[in-house]
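K.L.:
Pasting the sequence and the predicted model now:
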Amino acid sequence: MTSPATPQAARAALALAIAAAFAAPAVAQTTAIDAVIVTASRTPQLASEVISDTLTISAQDIANAGVGSLTELLQRQRGLEVTRNGGAGANASVLLRGAAANQSIVLVDGVRIGSVSGGAASWNAIPLSAIDHIEIVYGPLSTLYGADAVGGVIQLFTKKGKGVPAVTAFVGAGSDATYAADAAISGGTDKVSYSLSVGKDLSEGYSATRRPSSSYNADNDGYRRKNAAGQVAVQLAPGHEIGGVFLYGDTTADYDSGASFDAYSTQVQSNLAAYSRNRILPDWTMFVQAAKSRDKSGSYYAPGPYGGGQIDSTQTVFTWQNDIRIGSDNLQLLAEHRKEEVEGTTNALNKERSTTSYAATYSLKRGNHLVNVGARNDDSQYGSRNTGSLGYGYRISQALRMEASYGTSFRAPTFNELYYPGYGNKNNRPEKGRNAEVGLHYNDGTTELGAVYYHNKLTDLLVNTTPCPFPSDDENDYSWGCAYNVNKGLLEGLSLSARRTFGPFTVSADADFQDPRDETTGKRLQRRAKRHANLNVEYVNGPLTGGVEWHLSSARFDDAANRNTLGGYGIVNLYATYRFARDWSALVRWNNVAGRDYELARYYPTGGATAFAGVRYGFK
């Protein structure tokens, strides 16, 4: 194992970027370059007017990522950590600001996804090739999105169509007999826009486990993944649009379960939504959407009819959103109904629940001052839950602004924590969060700097408690513990970022110094590092783009008791693209060039150095 990344190394990554940022004189800008963010307010908003801490991963960033998994891309982003039990096709968890995987929400084109039984998104079934760009909003967003938005929200946007019909395609191959191909067609007129993409990738992989794991099997554990996604929008009249979106991802991945059987898992993620967006009055826009997402998860670890299990989750959501402009202010009124269902081979989990929600937010601008206030009520089987938020932003100069916010959140118990035999209990309550944060952001169009401090206090934390306070009965044997609201937690940290463009080079870096801990036991939360950082240097010269990435993480603990340590690591990735004709480009990517041996979960290797190359047609 490589030696743990030190605090000095993480700080050095940031210091190097800041030094590079000021190595050349700044170019005067009258206005900061402004992206448009949707997720932070459920409506398009200029980044300079967003009070929340946000990050956007562009289409070019995704193209540079090469083949692999969505989680490999997210692992290299500020404030995010990834755990994975095996290779690119294996199940993975994304931890946002130290929050657990089921303490953040994942959306695809506004459609909420995730397992109802476990509470987390199935990242291995989401096709990277179908994604156009990604928005990440850090901090509690329960006022906007309801239960589970404790650590933040990650929204994936699939590709849209516009302009003359265009075809894109990609083929590539790499290490571990990895192959990938995808194709898309898109276009649009003033009346209709459309896009459709399909893709497939597969890999022979490598052994998912290592000795001395009891599950070790020396065979290669590969995966096979296929996907399709599409959108259509029709302009019925000026200000009146109807449309639909869909996403389908199907993954079969091998994993180790001892030497006697070639175990495998299946994962299907499908989303379907229809919407209508209407400008009722010049200052009143109404959005209505009906959406359904399905998460079908199977695991097969032994031969015969009892050698596996299946859990199918369905979420159905009806949304009615109204955005009303009052001068330069915006009033948003929201009503939502969500139904969650589970059907599978574990009969105790085959239940359903519904949540009805009402929310209101008000955003105002007065000169250099920004204010946002919101409140929401979610009514479900666990009672009525109220959440609220208050944010304030002040533009100190054209390029420099500060923000401060306070918000409450909650996480609903998963079906596993309520009903799973020998673990769940129907009396478990939601977790509650109270977050305060303050941040500074600078952007003059050439240089970007950011610093955010957050303090997220959690109560009624659901953990596996031994001994269990509930008595065993005919249906539940709690001898090995159970899920119970017994603990308090704290997600606290400082997130720093820097980015500078000078000449053909762009240098960016980020560093997170965090302390995610269980305050009842005093232990650090499982698989969370106290420090992690990224450094990226990219060079663009005409048709050539090349870059180097450096990702660092300090040590983590693989268990809640903090007995088993996962060593820190530092890995370097290289990538290059070259446009050799008007519509043609070639991609080469080399990950973990030094072949560092590190683990994201105990006894699960990460595969060492890998290379991938491909040819793309038509990328815009």
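P.N.:
Happy to help now that I have it. Residues are numbered from 1 along each chain as shown.
K.L.:
Which parts of this structure are helices?
P.N.:
Remark: helices assigned in the chain by DSSP state H are 7-21, 59-64, 70-74, 142-145, 415-419.
K.L.:
Can you list the helices and strands that the shortest one packs against?
P.N.:
Applying 3 or more CB pairs under 8 Å, 6 or more residues apart in numbering; DSSP states H and E, we find helix 142-145 packed against strand 352-366, strand 369-380, strand 383-395, strand 400-411. Yep, even glycine has a C-beta here, placed from its N, CA and C like the rest.
K.L.:
any idea how far the third one is from the chain center?
P.N.:
Between the mean C-alpha point of strand 383-395 and the mean C-alpha point of its chain there is a distance of 22 Å (CA atoms, centre = their mean, to the nearest Å).
K.L.:
What distance separates the opening and closing residues of stretch 342-355?
P.N.:
15 Å (CA to CA, to the nearest Å).
K.L.:
what comes up buried for that stretch?
P.N.:
Of the residues in stretch 342-355, V342, E343, G344, T346, A348, L349, K351, R353, T355 count as buried by neighbour count, 16 or more other CB atoms under 10 Å.
K.L.:
now stretch 160-180
P.N.:
Buried residues in stretch 160-180 (16+ other CB under 10 Å): K160, G161, A166, T168, F170, G172, G174, S175, D176, T178, Y179, A180.
K.L.:
Please list all residues in contact with the second one.
P.N.:
Meaning G161. Applying CB atoms under 8 Å, 6 or more residues apart in numbering, we find G161 in contact with S186, G187, G188, S193, Y194, S195, Q231.
K.L.:
Among the residues you listed, filter down to the buried ones and hand me the PyMOL syntax, if you would.
P.N.:
Those of those that count as buried under 16+ other CB under 10 Å are selected in PyMOL with:
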select buried, resi 186+188+193+194+195+231
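K.L.:
In strands only, show me the contacts of G161.
P.N.:
S186, G187, G188, S193, Y194, S195, Q231 (DSSP state E).
K.L.:
Pick the most buried one from the helices and strands packed on helix 142-145.
P.N.:
Comparing those by mean neighbour count (mean count of other CB atoms under 10 Å), strand 400-411 comes out on top with a mean of 21.
K.L.:
Give me the sheet partners of that one and which way each runs.
P.N.:
Note on strand 400-411: by DSSP bridges, its sheet partners are strand 383-395 (antiparallel), strand 431-443 (antiparallel).
K.L.:
Show me what Q332 bridges to in the sheet.
P.N.:
The partner residues for Q332, given DSSP bridges, come to D323, T361.
K.L.:
My read is that it contacts A40, right?
P.N.:
No. Counting by CB atoms under 8 Å, A40 is not a contact partner of Q332; they are 12.0 Å apart.
K.L.:
Show the contacting residues for the residue positioned nearest the centre of the chain.
P.N.:
With distances taken as CA atoms, centre = their mean, I154 lies nearest the centre of the chain, 4.1 Å away. I154 makes contacts with L74, V94, L96, S104, I105, V106, L107, I134, E135, I136, as judged by CB under 8 Å, 6+ apart.
K.L.:
right, and the pair among the buried residues of stretch 342-355 with maximum separation?
P.N.:
Using CB to CB, the buried residues of stretch 342-355 span at most 22.6 Å, a distance reached by T346 and T355.
K.L.:
any idea how far the lengthiest strand in the chain is from the chain center?
P.N.:
Looking across the chain with DSSP E, the single longest strand is strand 482-502. Between the centre of strand 482-502 and the centre of its chain there are 14 Å (CA atoms, centre = their mean).
K.L.:
now it and strand 431-443, what's the angle there?
P.N.:
0 degrees (axes from the mean of the first three to the mean of the last three CA atoms, to 10 degrees).
K.L.:
quick one: which of Q332 and A40 has more around it?
P.N.:
Just comparing Q332 and A40: by other CB atoms under 10 Å the higher neighbour count belongs to A40, 25 against 20.
K.L.:
Could you measure from that one over to Y575?
P.N.:
Noted for A40: a distance of 29 Å to Y575, by CB to CB, to the nearest Å.
K.L.:
quick one: pLDDT of S214?
P.N.:
Note on S214: pLDDT of 90.
K.L.:
any idea how far P421 is from the residue in the chain sticking out farthest from the centre?
P.N.:
Within the chain, the residue lying farthest from the chain centre (CA atoms, centre = their mean) is D474, at 39.8 Å. Counting by CB to CB, the gap between D474 and P421 amounts to 11 Å.
K.L.:
thinking again about what came up before, closest one of the buried residues of stretch 160-180 to T209?
P.N.:
Among the buried residues of stretch 160-180, and counting by CB to CB, the member closest to T209 is D176, at 15.7 Å.
K.L.:
pretty sure that closest one contacts D221?
P.N.:
No. Using CB under 8 Å, D176 makes no contact with D221, being 10.1 Å away.
K.L.:
so what's in contact with those two at the same time?
P.N.:
By CB under 8 Å, 6+ apart, D176 and D221 have these common neighbours: G87, G205, Y206.
K.L.:
Now the buried members of the residues you listed.
P.N.:
Neighbour counting by 16+ other CB under 10 Å classes G87, G205, Y206 among these as buried.
K.L.:
from those, which is closest to S397?
P.N.:
Of the buried ones among the shared contacts of D176 and D221, the one sitting nearest to S397 (CB to CB) turns out to be G87, at 47.8 Å.
K.L.:
so the closest one sits right up against N220, yeah?
P.N.:
No. G87 lies out of contact with N220 (CB under 8 Å); the separation is 9.1 Å.
K.L.:
Need the overlap of contacts for those two.
P.N.:
Common contacts of G87 and N220 (CB under 8 Å, 6+ apart): D176, G205, Y206.
K.L.:
With pLDDT and distance to N416 as new columns, can these be given to me in JSON lines?
P.N.:
Shown next, in JSON lines, are these (pLDDT from 0 to 100; distance: CB to CB, whole Å):
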{"residue": "D176", "pLDDT": "95", "distance to N416": "33"}
{"residue": "G205", "pLDDT": "94", "distance to N416": "28"}
{"residue": "Y206", "pLDDT": "94", "distance to N416": "30"}
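K.L.:
closest to F246 among the residues you listed?
P.N.:
Looking across the shared contacts of G87 and N220 and measuring by CB to CB, the closest to F246 is G205, at 28.7 Å.
K.L.:
wait, what's in contact with that closest one?
P.N.:
Counting by CB under 8 Å, 6+ apart, G205 has contacts G86, G87, A88, G89, D176, N220, D221, G222, Y223, D254, G607.
K.L.:
Any of those buried? List them.
P.N.:
For these, buried by 16+ other CB under 10 Å: G86, G87, A88, G89, D176, D221, G222, Y223, D254, G607.
K.L.:
quick one: which two of those are the most distant?
P.N.:
Taking CB to CB, no two of these sit farther apart than D254 and G607, at 13.8 Å.
K.L.:
circling back: got phi/psi on the residue farthest from the centre of the chain?
P.N.:
Note on D474: backbone dihedrals following degrees, to the nearest 10 are phi -60, psi -30.
K.L.:
same question, Y420
P.N.:
Dihedral angles (degrees, to the nearest 10) for Y420: phi -60, psi 130.
K.L.:
okay, V67: pLDDT?
P.N.:
For V67, the pLDDT comes out at 58.
K.L.:
list the contacts for N564?
P.N.:
F557, D558, R602.
K.L.:
Now render the helices and strands packed on helix 142-145 as JSON lines, adding mean pLDDT and distance to T459.
P.N.:
Output for those, formatted as JSON lines (pLDDT from 0 to 100; distance: least, CB to CB, whole Å):
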{"stretch": "strand 352-366", "mean pLDDT": "97", "distance to T459": "21"}
{"stretch": "strand 369-380", "mean pLDDT": "97", "distance to T459": "17"}
{"stretch": "strand 383-395", "mean pLDDT": "96", "distance to T459": "13"}
{"stretch": "strand 400-411", "mean pLDDT": "97", "distance to T459": "10"}
